[in-house]
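Q: whatever this is, show me its structure:
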Amino acid sequence: MNEKQKSRYIPKSVRNSLLMRSGGICECCGAAGVPDQHHLEEYAFGGVHTLENLLLLCPACHRQIAKYLTQTQQQELQKWNQTNIGLGNLSTTSQLRGIEPSMDIGTVKFMSVQTVLKAYDQNIITIHKESSGIFMNILMLEGFEPKLMVLSNKVIVNDNYIFKVSRNEVIVQDPNGETKFTVTGGQVLTLRGRIIIYGEPFIFTEDGFKFRELNMRYVDVDCANLGNTALTFNESEIVMDVGGAKIIIGNPNPPRL
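A: Numbering: from 1, shown residues only. This next block holds a predicted model:
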């Protein structure tokens, strides 16, 4: 890549094509306004100026997309948006938020943490702090079918999931009407349900938090430094951050990918 390609300046013809593709609205949340051009790769240098490497984002989404989504997740978002163009995005409720930078998943309270769950280097569940409160992001993109992405209470990517929304609760059902999980606002955001992550069941009910050989109930997991990842896993091990200390749990029967 030469220095000219690394320039932040996007040629007028490419900008016009980007505006035409997006309709001038954010390609994440669908908001109108003054958009930012975001490069999926080499964004620190401006990146290659092609439509395949660009997203049109509002400033709010721009901050979160660059912070929480990997490049491959961003590419999944772009593909989904182009395939489902014109469907629009659903805002759930501005009331669904927590006060503490914490989250209760299957009776296990993850405290002082930014990324709650990370799988194969992809953020799946994160906590996002804004002046109005604490919000949960769900990023079920790469490796998921059907796909789902919820960013600060806005449903961005939705492969026919059904949302039942009340003042302080969101129930998410799959296309067959089976409840996958429930999110409840309050002092601490609460998540209950069961999802499949890369072919493996991740269970978080009133009976506890269960994944592989992990089986926890009514405990607090304090990740001392905000920004730490509470739980991360791949095919061979689970790594949990408890009070700033890394606990590694090997998987004796790694799943077949």
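Q: how far away from the center of its chain is the helix or strand hosting Met103?
A: Assigned by DSSP states H and E, Met103 falls within strand 102-105. Mean-position distance between strand 102-105 and its chain equals 15 Å (Cα atoms, centre = their mean, to the nearest Å).
Q: can you tell me the strand partners of it and which way each runs?
A: Applying DSSP bridges to the sheet, strand 102-105 is found paired with strand 108-111 (antiparallel), strand 189-197 (parallel).
Q: and of those, who's closest to Gln71?
A: In terms of Cβ to Cβ, the element of the strands paired with strand 102-105 nearest to Gln71 is strand 189-197, at 19.8 Å. The way it works is simple: take the backbone N, C-alpha and C, and place the C-beta from them, glycine included.
Q: buried residues, that closest one. List them.
A: Within strand 189-197, the residues scored as buried using 16 or more other Cβ atoms under 10 Å are 189-193, 195, 197.
Q: for the record, mean pLDDT for that strand?
A: Strand 189-197 carries an average pLDDT of 90.
Q: how about stretch 119-139?
A: Mean predicted confidence for stretch 119-139 is 86.
Q: for the stretch 1-150 of the chain, what are the low-confidence residue spans?
A: 1-8, 43-46, 85-95 (pLDDT under 70).
Q: how about the helices in it?
A: 12-22, 59-68, 71-83 (DSSP state H, counting those that start in this stretch).
Q: let's have the ones you listed in a markdown table, adding distance to Ser236 and mean neighbour count.
A: Output for the helices of the stretch 1-150 of the chain, formatted as a markdown table (distance: least, Cβ to Cβ, whole Å; neighbours: other Cβ atoms under 10 Å):
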| stretch | distance to Ser236 | mean neighbour count |
| --- | --- | --- |
| helix 12-22 | 41 | 14 |
| helix 59-68 | 25 | 18 |
| helix 71-83 | 20 | 18 |
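Q: fine by me, thanks again.
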